[in-house]
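Participant: Quick one: sequence and predicted model below, then my questions.
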Amino acid sequence: MPEIWAGVDIGKTHHHAVVINAEGERLLSRRIQNDETELLALLGDVLAISDDVLWAVDLNHGGAALLIGLLTAHDQSVAYLTGLAVHRASATYRGEAKTDAKDAFVIADQARIRRDLGLLRPGDEIAVALRTLTTRRLDLVFDRTRQINRLRAQLLEIFPALERALDLTNKGPVMLLTGYQTPAAIRRTGAKRIETWLRNRKVKGAAALARTAVDAAQAQHTALPGERLAAAMVVRLAKGVMALDEEIAELDALIEARFREHPHAEAIRSLPGMGARLGAEFIAATGGDMDAFGSADRLAGFAGLAPQPRDSGRVSGNLHRPRRYHRGLLRAMYLSAPASLKCCPASKADYQRKRSEGKGHKQALLALARRRVNVLWAMIRDRECYQVSLPVTVAA
């Protein structure tokens, strides 16, 4: 058990640190700038009080990255307490005031009282890189969705028939809009010339897409006010979507190359349904170190795949997803489950068994994802690739 506890309320430009002893008495309270020099000075002052210290923070990324990095480099133990837990715990302390000093004290005191707080582990270089790349890719996917929605809204104002006919999540329709946006321009060009224009840009299904565009143009002969300016905006938005597609493709290549460097990459990729991208998200969420979880059950709980009971009185068997879990890890395991149904007989058999028990499609996929957590955890633990179990035949 530590002799002192140091709680740090994390901020963007400044932190507030409070150090307490076993009796909960404040030994140090200081506001420090999020700067290496001041953080090292704080570390020295705390270690001068006692070398046996447990640090606790309420944020494990962003503004806390420098502090956590310095503490890890100096072999300090760092516990993590969520901001929601700090907020709820603050209500049990005297006074209704909310200050950084009080929050830092609550963090330190909760670290002193509680025994269930997990310690932050430094991720290896590959895991940190994959976390950065996968986070950036997810941001770009969201940006692409927003850009497509803006493109649809702009096209709807001048050419609703074409907006209705095109699937703008595909490359071909977006490419079409960089060259043709108005009914008059499409009718004037004709299906044959549009098809040739699309083929020169390596668009699949150019003939069908050109025919669809011409059919939509034949349905509208009225030029709406502001059509020329709106068409220019459509071109800008369409080119923006294509630029995002190119950046996402570049990130996919970087993610796959970085993922292949990880020692567990071969084992993870051998599991049906886990490609390079989902495998990278798995490593980014877990750090690739299964020793941090201890068992497959703890890993499943971290992923939100282990239901938690909410029983009271006569109500029993009331299971719900836990409120605290890693959304990225749940996403990776859930998306890999339906992908495995196409190529893995064992996964398909598990899914069909749950459906025959009366479970819905989503429930059956969650159950399959939970089972795959056990398999993946054992594979990484034993450093073995996935092997399909062959049926056992009884000798005559």
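Facilitator: Arrived safely, thanks for sending.
Participant: C-alpha only now, for contacts and for neighbours.
Facilitator: Noted.
Participant: now the strands for this structure?
Facilitator: 4-9, 14-20, 26-33, 53-57, 77-80, 308-309, 319-320 (DSSP state E).
Participant: And for the longest one, what's in contact with it?
Facilitator: Strand 26-33 is contacted from outside by 13-21, 38-39, 42, 101, using CA atoms under 8 Å, 6 or more residues apart in numbering.
Participant: Take those residues and, keeping just the buried ones, write it as a ChimeraX select command.
Facilitator: The ChimeraX selection below is limited to those of those classed as buried (16 or more other CA atoms under 10 Å):
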select :15,16,17,18,19,20,21,39,42,101
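Participant: still on that earlier bit, which of the strands of the chain sits most buried?
Facilitator: When neighbours are counted by mean count of other CA atoms under 10 Å, the highest per-stretch mean among those falls to strand 4-9, a mean of 29.
Participant: Not counting its neighbours along the chain, what's nearest the residue most central in space within the chain?
Facilitator: When CA atoms, centre = their mean is applied to the chain, the residue found nearest the centroid is G328 (3.4 Å). Excluding its sequence neighbours, the residue lying closest to G328 (CA to CA, 6 or more residues apart in numbering) is A285, at 6.5 Å.
Participant: mind checking how far the one you found is from C344?
Facilitator: Plainly put, A285 is 25 Å away from C344 if you go by CA to CA, to the nearest Å.
Participant: of the two, who's got more company?
Facilitator: For A285 and C344, the more surrounded residue by other CA atoms under 10 Å is A285, and the numbers stand at 22 against 14.
Participant: Can you give me the pLDDT of the more buried one?
Facilitator: The predicted local distance difference test score for A285 is 90.
Participant: That one: what's it in contact with?
Facilitator: For A285, counting by CA under 8 Å, 6+ apart, the contacting residues are 131, 326, 328-329.
Participant: Pick out whichever of these sits closest to G279.
Facilitator: Within the contacts of A285, distances to G279 taken as CA to CA reach their minimum at L329, with 10.0 Å.
Participant: ok, that closest one - how many residues close by?
Facilitator: 23.
Participant: pretty sure it contacts A300?
Facilitator: No. With contact defined as CA atoms under 8 Å, L329 does not count as touching A300 (9.4 Å).
Participant: distance of L133 from A303?
Facilitator: Look at L133 and A303: by CA to CA, they are 20 Å apart.
Participant: Next: T134.
Facilitator: Distance from T134 to A303, counting by CA to CA: 17 Å.
Participant: quick one on the thing from earlier: which of L133 and A303 has more neighbours?
Facilitator: A303 (28 against 20).
Participant: Can you get me a residue count around G279?
Facilitator: Residues within reach of G279, counting by other CA under 10 Å, total 29.
Participant: residues in contact with the nearest residue to D245 once chain neighbours are set aside?
Facilitator: Once its chain neighbours are removed from consideration, D245 has its nearest residue in R144; the separation is 7.7 Å (CA to CA, 6+ apart). Shown in contact with R144 (CA under 8 Å, 6+ apart): 241, 244-245.
Participant: and the gap between R144 and I126?
Facilitator: For R144 relative to I126 (CA to CA), the value is 27 Å.
Participant: and if you look at H61?
Facilitator: 17 Å.
Participant: Likewise for D109?
Facilitator: Distance, D109 to I126, by CA to CA: 35 Å.
Participant: So between those two, which is more surrounded?
Facilitator: Taking neighbours as other CA under 10 Å, D109 and I126 compare with D109 leading, 25 against 20.
Participant: does that one really touch I20, like I thought?
Facilitator: Yes. With the criterion set as CA under 8 Å, D109 and I20 qualify as a contacting pair; they are 7.4 Å apart.
Participant: and for the two, which residues touch both?
Facilitator: Residues touching both D109 and I20 by CA under 8 Å, 6+ apart: W5.
Participant: rewinding a little: in CSV: the strands of the chain, plus distance to F293 and mean pLDDT.
Facilitator: Rendered in CSV, the data for the strands of the chain read as follows (distance: least, CA to CA, whole Å; pLDDT from 0 to 100):
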stretch, distance to F293, mean pLDDT
strand 4-9, 24, 95
strand 14-20, 29, 95
strand 26-33, 33, 94
strand 53-57, 20, 94
strand 77-80, 15, 92
strand 308-309, 18, 82
strand 319-320, 21, 78
